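Colleague: give me coordinates for this.
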Amino acid sequence: QAYFDQGAAELGVGELSIEQIKGVITRDPSFQVNGQFSPEQFQAYLRQRGITEERLIEEMRSQYRRQTLISLLSNGNIVSDSQANQILALTGSERELRTAPFNAADFASKVQPTDAALRSYFEANKAKYALPLAVKLEFVDLNVEELAKQQTVSAQELQEAYRNLPTAASEAKPPFESVKAQLEESVRQRKAAQALGNAREQLAQLAFDHPDSLQKVAQEMKLPLQKHEEWLSQPEAAAAKLPQTVQEAMFSAEVIERRHNSEVLDMGNGVLRVLRATDVSKARNQSFEEAKEAVRKDYVAVESAKLAQAAAAQALSNLRAGKAVDNLQWSNPEKASATQLQQAVGLQNFAAIVKAHPQNGKPGYAVITLPNGNAALVEVRAISLPENSKQQLPELRQQVAGRNTEAFYRQYLQVLQRKYPIQHGSQKLDRDEN
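Modeller: Alright, predicted model coming up:
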């Protein structure tokens, strides 16, 4: 608010007088009864807001300063028909176009990956080929399904489950033999859920008592000992969306350095796990020879993309110069709106396309960059405005003028902020100009 006051003062915005404020208040229908100003209504409003009459007057003056400041900043902000038409052509037009691809893979055979080039690329991108900390694991999982397999169900438990089988009032209970297997599984699941708490304590104790092996733990708990024999790095564990506590335990000093069993980890979905590292590969930089094949693949991909972009740029230059370009594989012409184009190719590529204007019966051209190093030549054959474009112009001019005013307002506020820095802790302007 202090900036608004200072800005208004710089632009010579006057103050509302007490007489003007009284006039505004007495004419406000909110403070009238039967068309006449009511002091009681006015006082009730002040009490409801919890402010004084002086505070309300200052608020009204502040609002007047701000509205006048915005009006002054936007004064002369007129959008012409020509400007509005240009914006409409950009955002509301439909383009007829076709594309010719320049795929990076088609240029791979032209890349010469010499040892010197590969070494230079490796040195410039050495961090990319560093090997992260990784582990191979073995683990045991405790869950309701495994516990259910270990549960026994007595005939008495089955009969009790059958008696408690819910049925509709108008329906007869199904024969026992037809639902026996379903009842037996239901009882197993219920008993397994009840046993899970005790089993967790037993699992934790066994993992602690035998810290250097999970074999004994698996045997005592009657659980299969599972192995993950592929290297698993921290980035891969994160990409697999393992719970954060599991990732932290997996690469903890207890597991990585001491090779001890982890604590009991909650994997979600009712699964509890204890794991240990069977092998550890510490983080290190690869030598050029170790990384050579990966370097070769990356180098060829990068250089192929450069060649594809260069070929597309050369084709663009030739077409703009009126020269023929052979062997272009043009797609069928299609029509697309500005919104469809932005969604399909992205904002940067869209900006390149809108600069391509058909002129004198000849198409316009642009080059766009696609994923995986590919490029494409775009031929814009025609641009058509909406049928009701003339009717859209007044509203469009108003929208653009509003956006321009907001931009002017923000820029002016930034100027004031630089010119009058706020004193630390006081929220008051330092009015000493730099």
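
Colleague: how far off centre is the helix or strand Asp298 falls within?
Modeller: Assessed by DSSP states H and E, Asp298 sits inside helix 288-320. Counting by CA atoms, centre = their mean, to the nearest Å, helix 288-320 is centred 29 Å from the centre of its parent chain.

Colleague: do you know how far Ala315 is from Leu328?
Modeller: From Ala315 across to Leu328, the span is 7 Å (CB to CB, to the nearest Å). For the C-beta atoms, the positions are set from N, CA and C on the backbone; glycine is no exception.

Colleague: these two: which is more packed in?
Modeller: Set Ala315 next to Leu328 and count neighbours by other CB atoms under 10 Å: Ala315 wins out with 21 against 15.

Colleague: tell me the secondary structure of the spatially closest residue to that one that is not a sequence neighbour, please.
Modeller: Setting aside the residues directly before and after it, Ala315 is nearest to Val325 in space (CB to CB, 6 or more residues apart in numbering), at 4.8 Å. Here Val325 is recorded as coil under DSSP: H, G, I helix; E, B strand; the rest coil.

Colleague: local confidence estimate at Val13?
Modeller: We have a pLDDT of 59 for Val13.

Colleague: where in the stretch 251-400 of the chain is pLDDT low?
Modeller: Scanning the stretch 251-400 of the chain for pLDDT under 70 picks out the ranges 386-400.

Colleague: which residue ranges form the strands in it?
Modeller: 265-268, 271-281, 284-285, 334-337, 364-369, 375-384 (DSSP state E, counting those that start in this stretch).

Colleague: closest to Leu137 out of these?
Modeller: Leu137 lies closest to strand 271-281 among the strands of the stretch 251-400 of the chain, at 5.2 Å (CB to CB).

Colleague: quick one: the strands in the stretch 101-250 of the chain?
Modeller: Taking DSSP E, counting those that start in this stretch as the test, the strands found in the stretch 101-250 of the chain are 130-131, 134-143, 226-233.

Colleague: turn those into JSON lines, including mean neighbour count, mean pLDDT and distance to Ile368.
Modeller: Output for the strands of the stretch 101-250 of the chain, formatted as JSON lines (neighbours: other CB atoms under 10 Å; pLDDT from 0 to 100; distance: least, CB to CB, whole Å):
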{"stretch": "strand 130-131", "mean neighbour count": "13", "mean pLDDT": "94", "distance to Ile368": "34"}
{"stretch": "strand 134-143", "mean neighbour count": "20", "mean pLDDT": "92", "distance to Ile368": "39"}
{"stretch": "strand 226-233", "mean neighbour count": "14", "mean pLDDT": "93", "distance to Ile368": "35"}
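
Colleague: Throw those strands into TSV and include distance to Gln151, thanks.
Modeller: Output for the strands of the stretch 101-250 of the chain, formatted as TSV (distance: least, CB to CB, whole Å):
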stretch	distance to Gln151
strand 130-131	46
strand 134-143	13
strand 226-233	21
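
Colleague: looking at the ones you listed, which is nearest to Ser109?
Modeller: Nearest to Ser109 among these is strand 130-131; the distance by CB to CB comes to 30.4 Å.

Colleague: and the closest one, what does it pack against?
Modeller: Using 3 or more CB pairs under 8 Å, 6 or more residues apart in numbering; DSSP states H and E, the elements in contact with strand 130-131 are strand 284-285.

Colleague: what's Glu229 in contact with, if anything?
Modeller: By CB atoms under 8 Å, 6 or more residues apart in numbering, Glu229 lies in contact with 136, 278.

Colleague: burial measure for Ala272, as a count.
Modeller: Heads up, residue 272 is Leu, not Ala. Number of residues near Leu272 (other CB under 10 Å) recorded here: 18.

Colleague: next: Thr245.
Modeller: 13.

Colleague: wait, it sits on Val264?
Modeller: No - in this structure, Thr245 is not within contact of Val264 by CB atoms under 8 Å, at 10.6 Å.

Colleague: can I get stretch 247-258 in CSV, CA atoms only?
Modeller: The C-alpha trace of stretch 247-258 is given here as CSV (Å, rounded to 0.1, in the frame of the first residue of the first chain):
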residue,chain,number,x,y,z
GLN,A,247,15.3,-46.7,0.3
GLU,A,248,17.0,-45.3,3.3
ALA,A,249,17.4,-48.7,4.9
MET,A,250,18.6,-50.3,1.7
PHE,A,251,21.5,-47.9,1.4
SER,A,252,22.2,-47.4,5.1
ALA,A,253,25.6,-48.1,6.7
GLU,A,254,24.0,-51.0,8.6
VAL,A,255,23.1,-52.8,5.3
ILE,A,256,25.9,-51.5,3.0
GLU,A,257,28.9,-51.5,5.3
ARG,A,258,28.2,-53.9,8.1
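
Colleague: which stretches of the stretch 151-300 of the chain form helices?
Modeller: Listed in chain order, the helices of the stretch 151-300 of the chain (DSSP state H, counting those that start in this stretch) span residues 155-163, 176-209, 215-221, 234-239, 244-250, 253-256, 288-320.

Colleague: I'd guessed Phe37 sits against Val24; true?
Modeller: No - taking contacts as CB under 8 Å, Phe37 lies outside contact range of Val24: 11.2 Å.

Colleague: comparing the two, which shows the higher neighbour count?
Modeller: Between Phe37 and Val24, Phe37 has the larger neighbour count (other CB under 10 Å), namely 14 against 11.

Colleague: got a list of what Pro371 touches?
Modeller: By CB under 8 Å, 6+ apart, the contact set of Pro371 is empty.

Colleague: and it, how far from Asn349?
Modeller: The gap separating Pro371 from Asn349 is 11 Å, by CB to CB.
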